[in-house]
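Q: Using only what follows, build the 3D model:
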Amino acid sequence: MSSVTGNKLKVSIFGESHGKGIGVVIDGLPPGVELDLNFIDCQMKRRAPGQSSITTERKEKDSYTILSGLFKDKTTGTPLCALIQNEDTNSESYDKIKAKMRPGHSDYTGYVKYKGFNDYRGGGHFSGRLTAPLLFAGSVAMQILEIKNIFIGGRIKSIYNITDDSKPNLSEYEIKKLRNMNFPVICPGIKEEMLYTISKVKNEGNSVGGVIETYVINVPAGYGEPFFDSVESKISHIVFSIPAVKGIEFGTGFEITQFTGKETNDQFYVKNNKILTKTNNSGGILGGITNGMPIVFKTAVKPVSSIACTQNTVDISKMENTVLNVTGRHDPCIVPRAVPVVESAAALALLDLILERDGEIWI
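A: Down below sits the predicted model:
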């Protein structure tokens, strides 16, 4: 199983949803970086379950233990390993339906690939639970990027068919403001409408998805390794590892096909001896390389697959058709908790590219 990503900065995650614990090993961090554990705690809390009526009732504090790679609050340059204990597992409901393949989940594909030896409880290694160690790693990467004045933040662009069309003010202040919101939207009035929709589908035993828009500011021009390690390729590679992600687009994305080249080309100009573009349809990336403008991308998150509605499926032990009602504790919408995870994915991808070009001494 390929649970390792990165070239200069290698990140490996391990564990299962209902196992004893989950964790991450980060190899390639620069030595001497002082980590703010309070910042990591705040990021972890943004993703943690059981904090509101629209999240799963599973109670996990996501408290972590750093086993190696940190000495006197500074990175040593050797592998940094963090372990997160699973404290609130309830596997009984999964034992009852282990032969029934849950629609939308990895039950069937995991069963086939690993010949029935996969851990089916809560999705096992395929679970969104594994985004906790990914978020930990990204929180470390974000702190290193902020030393270079690079800031990452995201917002909920849409939930179901409700869209926040407000334009962001891409400043350090606004990005930090979004990160401090438990339901990050730019238009205040849209929040209640989105929350109402999520609560409604929850009461119906159903789920909804949405779109996350992520921003990265102050990345200098010149980072990216075309063709196969372009900025888009690196970010997409990690973002698509997040369970429930089904799409990604940069800048204007698919909508760019509705315009002409004259309308969509980002024209250059000089201001204060710095090259900028009048628009940012490219999302801060040209030829797979950063151009100095904010990196902007959207991530499509599908509706949660675990729903209480009756669904058709198969009993793989009997090879016969059957029906399934999924029970247990599940989110009606994973989008709010996924925002910091997508931010972390972007941070890991960009730090890897920066370390590749600048080396370990760049800090």
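
Q: C-alpha from now on. contacts and neighbour counts both.
A: OK.

Q: Verify the stated contact: Arg102 with Thr313.
A: Yes - judged on CA atoms under 8 Å, Arg102 makes contact with Thr313 at a distance of 6.9 Å.

Q: and these two? which has more neighbours close in?
A: Ranked by neighbour count (other CA atoms under 10 Å), Arg102 and Thr313 place Arg102 first, with 24 against 15.

Q: In contact with the more buried one, which residues are there?
A: Contact analysis of Arg102 by CA atoms under 8 Å, 6 or more residues apart in numbering lists Tyr108, Ser306, Thr313, Leu324, Val326.

Q: immediately after the helix or strand of the chain with the lowest mean pLDDT, which helix or strand?
A: Ranked by mean pLDDT, DSSP states H and E, the weakest helix or strand in the chain is helix 92-96, scoring a mean of 74. The helix or strand immediately downstream of helix 92-96 is helix 107-113, counting by DSSP states H and E.

Q: Return the residue of the protein that is most distant from the centre.
A: The C-alpha centroid of the chain is most remote from Lys318, which lies 37.0 Å away (CA atoms, centre = their mean).

Q: Where does that residue fall, secondary structure wise?
A: Going by DSSP H and E, Lys318 is not in any helix or strand.

Q: Find me the pLDDT at it, would you?
A: At Lys318, the model reports a pLDDT of 96.

Q: change the start of the numbering to 50 and stick with it
A: Got it, the first residue is 50 from now on, which makes the last one we talked about Lys367.

Q: I'd like the mean pLDDT over stretch 196-203, please.
A: For stretch 196-203, the mean confidence score works out to 96.

Q: in it, what's buried?
A: For stretch 196-203, the neighbour count (16 or more other CA atoms under 10 Å) marks Ile199, Phe200, Ile201, Gly202, Gly203 as buried.

Q: what's the span of it from first residue to last?
A: Terminal residues of stretch 196-203 are spaced 19 Å apart (CA to CA, to the nearest Å).

Q: shared neighbours, Arg151 and Thr362?
A: Leu373.

Q: mind listing what the residue nearest to Tyr160 when sequence neighbours are not counted touches?
A: Spatial nearest neighbour of Tyr160, chain neighbours left out: Asn167 (6.3 Å); criterion: CA to CA, 6 or more residues apart in numbering. The contact partners of Asn167, taken as CA under 8 Å, 6+ apart, are Gly159, Tyr160, Gly173.

Q: List just the nearest of the residues you listed to Glu274.
A: The nearest member of the contacts of Asn167 to Glu274, counting by CA to CA, is Gly159 at 32.8 Å.

Q: For the nearest residue to the closest one once chain neighbours are set aside, pull up the helix or strand it's in.
A: With CA to CA, 6+ apart as the measure, Asn167 is the residue that lies nearest to Gly159, at 6.5 Å, once sequence neighbours are left out. Taking DSSP H and E as the definition, Asn167 sits outside all helices and strands.

Q: so Gly258 sits right up against Ile208, yeah?
A: Yes - look at Gly258 against Ile208 with CA under 8 Å: they come within range, at 5.9 Å.

Q: where's Ser256 relative to Val288, distance?
A: Distance of Ser256 to Val288, computed by CA to CA: 21 Å.

Q: These two: who's more crowded?
A: Taking other CA under 10 Å, Ser256 and Val288 do not tie; Ser256 has more neighbours (26 against 22).
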